[in-house]
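Participant: sequence unknown, structure follows:
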């Protein structure tokens, strides 16, 4: 049975929401064993108020934590017993199989970097993020594409991009049940010659990777279209793309509110469209229920959104279990071996 | 009186649309003198069908042109008499004050580079582009922000970014009638320390430029919000941002069509909202009626969209006139002198 270490002190709504999410999770079929890492008294108090299956829970006391707005390096230096580091050590030592945290992103990544090992061949780790597109894909026909890196490595080499492609494809295959995810480099044109030097070089290398469904370059237009299932880019561009999508969702809401206030006719029109709009809003609220994988380490780590609801935390736990059970880390290691040997045989 | 050289062979709808746009323009008050550069017979045939004021028109024969899908360098090498090069030479030689073309973007830029001079202090030229935001600005309360570079210089140095900021501010002041445009660097966080090395270095330099309303870094979220009037970024990111906005507009249209087809109730709701949606569509059709300035040369050049309608061509002519009449090139030259002397006195 899989065991997930949950940093209950991480997140804007911590520790209450992670604790109640964990409690509820244990009452549902298929819940893994959970190690709740945080302040013992807060956890006990939280569990006292929520039905739960105690046989699935273990508590590990770690009262200090990295605040959401802290500078991660300084915070972790000052608190070697911080909840996220304690949870990561449990995973490193085999007491849990995966780490889940809704805490300070930099703190979670640094805790992984200080505790886990990078897999052989991985030059830089990456943060993956999903976003909704017009295209449906995979067994579940879901509308999400994966983009990485979402912000860990701003400036990337060709080697980094190749690694991100391998990791992203392995993740999409296992977590989105998409047997042959289409992987693409984000560039300023679809031709192989278009883009920054690192992209052009990565293009040449990815085209030769056996078993990878590499579809070449995609452009900004293809992001909402969903032309690729896995979009590969540097962390600087990934951050801008994801925040733009957030901004566009916000703008659409403002426009609707403005239209609503503008006239009675608009009010009536929007009332008729309400069910369709609710459906759409559910799709654009993706950030609330996704878990973002930190890829490239020898252990599984899922970063939940800082404002995660109980549902989002439960989803992150589910994704972490699926990553463990499907052998994601082994698949990435195997993929990186293939890339490295392909590159060597080309020399 | 200002004279504009119009490359009538440039654009997906050339030469018919540029010729009829020029003809119509001459019948309206405030039209500049126009030099129509292209195939003499095609121009004569076009003018024969459209009312025009011949006293404002001059024809310069240049039958060959750079096709929209041509590799610009090879095309210009093979055709020193191409319409866009001929038009640029007229501007260089003082027979016209500005160049307007809806042709192959690379061809227009290369024609400028081969014919005009870069202004002192300008390390790289930039292509500006406007896009609609939630914010209204300037004398005309228009919703457009300017972003540059839109794709000429993929990878940028701090010096390039500083130059883009000076050029963008000068353009927004003169063309958008915005006396103190807010200029920002696009980055992955608002803090001065955030971003690629070139951005962090440019931030430090821009903060010291006298008379520039530099508001620091903006993020992807701020693009649809319109936090800045002028967004400074490298051409790689600028291209992705602009194409993403195009893609999002496309997606919204697809969603509306899908909703319309889905149910009678949705059809009724959308019918009620039709006037508001038409208004919105007008705003998102910005690419059709904007002209994109190529900035940094000692002459004015406005690149109209390849699919320009007659209205878009007329708008590009108007923008070119305003750039000439407001002394845009002189203002950029003056701004670059200020930056260079500030940088020198800081040594």
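Facilitator: Structure's in. What do you need? Just so it is clear, the structure is predicted and the values come from calculations on it, not from any experiment.

Participant: check whether stretch A:268-288 contacts chain B.
Facilitator: Yes - using CB under 8 Å from any CB of the partner chain, stretch A:268-288 comes into contact with chain B via A:268, A:269, A:270, A:271, A:272, A:273, A:276, A:280. Bear in mind the C-beta positions are built from the backbone N, C-alpha and C, glycine included.

Participant: off-centre distance for the one helix or strand residue A:339 maps to?
Facilitator: Here residue A:339 sits within helix A:328-345, counting by DSSP states H and E. A distance of 22 Å separates the centroid of the chain from that of helix A:328-345, by CA atoms, centre = their mean, to the nearest Å.

Participant: just stretch A:212-231 next, same as before
Facilitator: On CA atoms, centre = their mean, the centre of stretch A:212-231 falls 18 Å from that of its chain.

Participant: what do you get for stretch A:158-174?
Facilitator: On CA atoms, centre = their mean, the centre of stretch A:158-174 falls 13 Å from the chain's centre.

Participant: one more: stretch A:127-141?
Facilitator: Worked out by CA atoms, centre = their mean, stretch A:127-141 lies 12 Å from the chain centre.

Participant: the nearest residue to residue A:308 once chain neighbours are set aside - how many residues pack around it?
Facilitator: Nearest non-adjacent residue to residue A:308, counting by CB to CB, 6 or more residues apart in numbering or on different chains: residue A:102, 4.4 Å away. Residue A:102 has 31 neighbours, counted by other CB atoms under 10 Å in any protein chain shown.

Participant: do residue A:78 as well
Facilitator: 11.

Participant: check it and give its pLDDT.
Facilitator: pLDDT recorded at residue A:78 is 96.

Participant: now the one 3 residues further on
Facilitator: You'll see residue A:81 listed with a pLDDT of 95.

Participant: do I have it right that the residue nearest to residue A:308 meets residue A:305?
Facilitator: Yes - between residue A:102 and residue A:305 there is a contact at 6.5 Å, judged by CB atoms under 8 Å.

Participant: what's the domain layout of chain A?
Facilitator: As given by automatic domain parsing, the domain ranges for chain A are A:1-119+A:296-326, A:123-294.

Participant: lowest mean pLDDT across those, which one is that?
Facilitator: domain A:123-294 has the lowest average pLDDT among the domains of chain A, namely a mean of 90.

Participant: give me the most central residue, chain A.
Facilitator: residue A:292 (1.0 Å; CA atoms, centre = their mean).

Participant: can I assume that one sits in a strand?
Facilitator: Yes - Residue A:292 forms part of a strand when assessed by DSSP: H, G, I helix; E, B strand; the rest coil.

Participant: contacting residues for it?
Facilitator: Neighbouring residues of residue A:292 by CB atoms under 8 Å, 6 or more residues apart in numbering or on different chains: A:127, A:128, A:129, A:130, A:150, A:302, A:303, A:304, A:305.

Participant: repeat that for residue A:100.
Facilitator: A:4, A:5, A:6, A:7, A:291, A:301, A:302, A:304, A:313, A:316, A:317, A:320.

Participant: and the first one, bridged to which residues?
Facilitator: When bridges are assigned using DSSP bridges, the partners listed for residue A:4 are residue A:34, residue A:98.

Participant: what is the burial count for it?
Facilitator: 28.

Participant: so it touches residue A:34, yeah?
Facilitator: Yes - at 5.6 Å, residue A:4 and residue A:34 qualify as touching, with contact defined as CB under 8 Å.

Participant: mutual contacts of these two, please.
Facilitator: residue A:317.

Participant: up against chain B, what does the stretch 51-200 of chain A have?
Facilitator: A:134, A:151, A:154, A:155, A:186, A:187, A:188, A:195, A:196, A:197.

Participant: same question for the stretch 201-347 of chain A.
Facilitator: So far as CB under 8 Å from any CB goes, the stretch 201-347 of chain A lies against chain B at A:219-225, A:235-237, A:239-248, A:250-252, A:254-255, A:259, A:262-263, A:265-266, A:268-273, A:276, A:280.

Participant: buried subset of the residues you listed?
Facilitator: Among these, the ones that count as buried by 16 or more other CB atoms under 10 Å in any protein chain shown are A:219-225, A:235-237, A:239-248, A:251-252, A:259, A:266, A:269-270, A:272-273, A:276, A:280.

Participant: what about the helices in chain A?
Facilitator: In chain A, the segments counted as helices under DSSP state H are A:16-26, A:40-48, A:72-78, A:83-92, A:105-115, A:158-175, A:197-206, A:222-225, A:235-262, A:264-284, A:286-289, A:310-325, A:328-345.

Participant: tell me what the helix holding residue A:339 is packed against?
Facilitator: helix A:158-175, helix A:197-206 (3 or more CB pairs under 8 Å, 6 or more residues apart in numbering or on different chains; DSSP states H and E).

Participant: quick check: buried residues in the last one?
Facilitator: Spelled out, that is helix A:197-206. Buried-residue list, helix A:197-206, by 16+ other CB under 10 Å: A:198, A:199, A:200, A:201, A:202, A:203, A:205, A:206.
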